[in-house]
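Student: Below are the sequence and a predicted model for it; my questions follow.
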Amino acid sequence: MPRPQKQRCICSLPRIREFAPQDGEASGGINLTYDEYEVIRLLDYMQMTQEQCARRMGISRPTVTRIYEEARRKMADMLTNGRTLTIGGGDVYVCPAVRPECAGEEYCCHRNL
């Protein structure tokens, strides 16, 4: 019997949740889950290491790697095949308040509340 999935902590829900090609018709859709979005945001945008990302989300580093690989595959499919990308779903919870590791962080989600 597989181990139950651990709920993932994300900083906030994305402001924009859909991207579509401007020219022509989209050839289907891809859904990026909230945890996949958060991993992309932390690793690529915030330039954290996988270890830092794992600590921030409350999951293991190998799980971060699996989530990251799946998110990159989906984004490559979206870009290559002209698909609509939506962001939503997944077993996540949004952190309720500023955590010590977020103090002074320029892009902390709680800075805009």
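Tutor: All right, it came through fine. Numbering: from 1, shown residues only.
Student: Need the nearest residue in space to the residue positioned nearest the centre of the chain, chain neighbours excluded.
Tutor: Closest to where the C-alpha atoms of the chain average out (CA atoms, centre = their mean) is residue 37, at 1.7 Å. Excluding the flanking residues, the one nearest residue 37 by CB to CB, 6 or more residues apart in numbering is residue 87, at 5.1 Å. Heads up, the C-betas are built off the backbone N, CA and C, glycines and all.
Student: for the one you found, which residues make a bridge with it?
Tutor: Beta bridges link residue 87 to residue 32 when assigned by DSSP bridges.
Student: neighbours around it, how many?
Tutor: By the criterion of other CB atoms under 10 Å, residue 87 has 20 neighbours.
Student: Please, where are all the helices along this structure?
Tutor: Along the chain, counting by DSSP state H, helices occupy 34-40, 50-57, 61-81.
Student: Can you say which of the ones you listed is packed in most?
Tutor: Highest mean neighbour count of the helices of the chain: helix 34-40, a mean of 24 (counted as mean count of other CB atoms under 10 Å).
Student: Pull up the gap between residue 64 and residue 54, please.
Tutor: Note on residue 64: its distance to residue 54, by CB to CB, to the nearest Å, is 5 Å.
Student: Settle this for me: residue 51 is touching residue 62, isn't it.
Tutor: No. Between residue 51 and residue 62 there is no contact under CB atoms under 8 Å: 11.0 Å.
Student: coming back round to it: mind listing what the residue nearest to residue 37 touches?
Tutor: 14, 16-18, 31-34, 37 (CB atoms under 8 Å, 6 or more residues apart in numbering).
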